[in-house]
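>>> here are the coordinates; sequence isn't available:
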């Protein structure tokens, strides 16, 4: 059963700190509403804003939407409320969510992985390796369900049986970007969680994403930034993390690319550099059974080995591969196709190829 006064206060466009102060003084949400009604004749911006937000029809429609779409709601007084958010600046008064939110309160290590929406193959490969090598450990992956690195973090978590939570910069009934519709569903189907502090029907407006980022960092023990320009929203997450006293790790990359300037600067300013998954394991003191042979690449032929050694994480055109390997182009296409089937390499647009690294 939804409490309309709690929903009303949750969607009210005022600071969370003001909501919490009102709740502290007036004890519950209905009392807050009654107090506002009693003072409706006063020219006070807060009173006017709260009363303008209160609409029986809108609250009824939101309640119907939540019931129809399986959306749950909790506030700071609820025992399920994520305890890690209770001490952050502007802690959200309430959260709308789908899926299993209970796990956010267990003792698993929680790692936020965020980064560029225009992720390169290098960045995607790094996220893939992190998720694969953290399989069967006591970790959770937190991210923002955005394009690029965020989406790869959620996908990698699902593929490796890791609990993942997506924090939205819009309403929970608004899937953004639209191409993540299936990913959104898979997170919930795999016992993960989607949550948002905004009204369930709130559109993805620009001002919401920096607010979302404080929740991502607030839920996490460690924030890993993968590919971020100097103006990237991921750096906002890093700033929140600094304010909250959280550890930050950044993935180093080419100094010539704009999308790496933010991450490289973080390292220069003192963030932990990511050089292998062992860095994460050691920093968070994660218990892990390591199999030294599990990621050793199997040799299939001398030609395959030659091509694998030539390729890197930087795209290489098929003509350059042919010149470097001294292999006939017709034979080369056949070998490249076989290696793609074994997921040793990946073909990009324009006949460019990159190596698929299985570990670091």
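Cool, got the structure. In this text the structure is predicted, and so the values were computed from the model without any measurement.

>>> Show me how the protein divides into domains.
For the chain, the structural domains run 1-68, 102-284, 302-355, going by automatic domain parsing.

>>> So which of those has the densest surroundings on average?
Taking mean count of other CB atoms under 10 Å as the contact definition, the stretch among the domains of the chain with the greatest mean neighbour count is domain 102-284, which reaches a mean of 20. For the C-beta atoms, the positions are set from N, CA and C on the backbone; glycine is no exception.

>>> What's the mean pLDDT across that one?
Per-residue pLDDT values across domain 102-284 average out to 95.

>>> end to end, how far does that domain reach?
Between the opening and closing residues of domain 102-284 lies a distance of 21 Å (CA to CA, to the nearest Å).

>>> How about the backbone phi and psi for the residue positioned nearest the centre of the chain?
Centroid-nearest residue in the chain, with CA atoms, centre = their mean: residue 143, separated by 1.0 Å. Residue 143 adopts backbone torsions of phi -160, psi -170, taken as degrees, to the nearest 10.

>>> which residues does it contact?
Counting by CB atoms under 8 Å, 6 or more residues apart in numbering, residue 143 touches 112-114, 149-150, 153-154, 164-167, 216.

>>> Please repeat the previous calculation with a cut-off of 10 Å.
Taking CB atoms under 10 Å, 6 or more residues apart in numbering as the criterion, residue 143 is in contact with 111-115, 127, 149-154, 156-157, 164-167, 216, 220, 224, 237.

>>> Same question for residue 161.
Listed by CB under 10 Å, 6+ apart, the contact set of residue 161 reads 131, 135-136, 190-191.

>>> From residue 50, how far out is it?
The spacing between residue 161 and residue 50, counted by CB to CB, to the nearest Å, is 44 Å.

>>> Likewise for residue 330?
From residue 330 over to residue 50 the distance is 73 Å, taken as CB to CB.

>>> Ok, residue 23 next?
13 Å.

>>> between those two, what contacts are shared?
For the pair residue 23 and residue 50, residues contacting each of them under the criterion CB under 10 Å, 6+ apart are 9, 32.

>>> What segments of the stretch 101-250 of the chain are helices?
According to DSSP state H, counting those that start in this stretch, the stretch 101-250 of the chain carries its helices in the segments 121-133, 149-159, 181-189, 208-219, 234-244.

>>> ok, back up a step: so can I have CSV of the domains of the chain showing distance to residue 79?
Rendered in CSV, the data for those read as follows (distance: least, CB to CB, whole Å):
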stretch, distance to residue 79
domain 1-68, 15
domain 102-284, 9
domain 302-355, 44
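
>>> Which helix or which strand is home to residue 278?
Mapping residue 278 onto the secondary structure by DSSP states H and E places it in helix 277-284.

>>> just how off-centre is that helix within its chain?
Centroid separation for helix 277-284 versus its chain: 19 Å, with CA atoms, centre = their mean, to the nearest Å.

>>> If you count contacts, what does that helix end up packed against?
If you count contacts as 3 or more CB pairs under 10 Å, 6 or more residues apart in numbering; DSSP states H and E, helix 277-284 packs onto strand 109-115, helix 121-133, strand 139-143, strand 222-226, strand 247-250, strand 272-273.

>>> so which of these gets nearest residue 8?
Distances from residue 8 to each of the helices and strands packed on helix 277-284 were compared by CB to CB, and the smallest falls on strand 139-143, at 28.3 Å.

>>> re the thing from before, list of residues touching the helix holding residue 278?
With CB under 10 Å, 6+ apart as the contact definition, helix 277-284 has outside contacts at 109-111, 126, 129-134, 137-139, 221-222, 224, 247, 249, 272-274, 276, 286-288, 290, 359-360.

>>> now the strands for this protein?
Taking DSSP state E as the criterion, the chain contains strands spanning 72-75, 94-99, 109-115, 139-143, 163-167, 193-196, 222-226, 247-250, 272-273, 316-317, 345-348, 352-355.

>>> and those strands as JSON lines, adding distance to residue 41?
JSON lines is the format used below for those (distance: least, CB to CB, whole Å):
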{"stretch": "strand 72-75", "distance to residue 41": "29"}
{"stretch": "strand 94-99", "distance to residue 41": "29"}
{"stretch": "strand 109-115", "distance to residue 41": "47"}
{"stretch": "strand 139-143", "distance to residue 41": "46"}
{"stretch": "strand 163-167", "distance to residue 41": "40"}
{"stretch": "strand 193-196", "distance to residue 41": "35"}
{"stretch": "strand 222-226", "distance to residue 41": "48"}
{"stretch": "strand 247-250", "distance to residue 41": "50"}
{"stretch": "strand 272-273", "distance to residue 41": "57"}
{"stretch": "strand 316-317", "distance to residue 41": "73"}
{"stretch": "strand 345-348", "distance to residue 41": "66"}
{"stretch": "strand 352-355", "distance to residue 41": "68"}
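
>>> So which of those is nearest residue 32?
Comparing the strands of the chain against residue 32 with CB to CB, the closest turns out to be strand 72-75 (12.3 Å).

>>> I'd like the average pLDDT over that closest one.
Averaged across strand 72-75, pLDDT comes to 96.

>>> can I assume residue 243 is in contact with residue 217?
Yes. In terms of CB atoms under 10 Å, residue 243 counts as a neighbour of residue 217; the distance is 8.4 Å.

>>> and for these two, which residues touch both?
Both residue 243 and residue 217 are contacted by residue 88, under the criterion CB under 10 Å, 6+ apart.

>>> Go ahead and confirm residue 239 touches residue 214.
Yes. Because the distance of 9.2 Å satisfies CB under 10 Å, residue 239 is recorded as touching residue 214.
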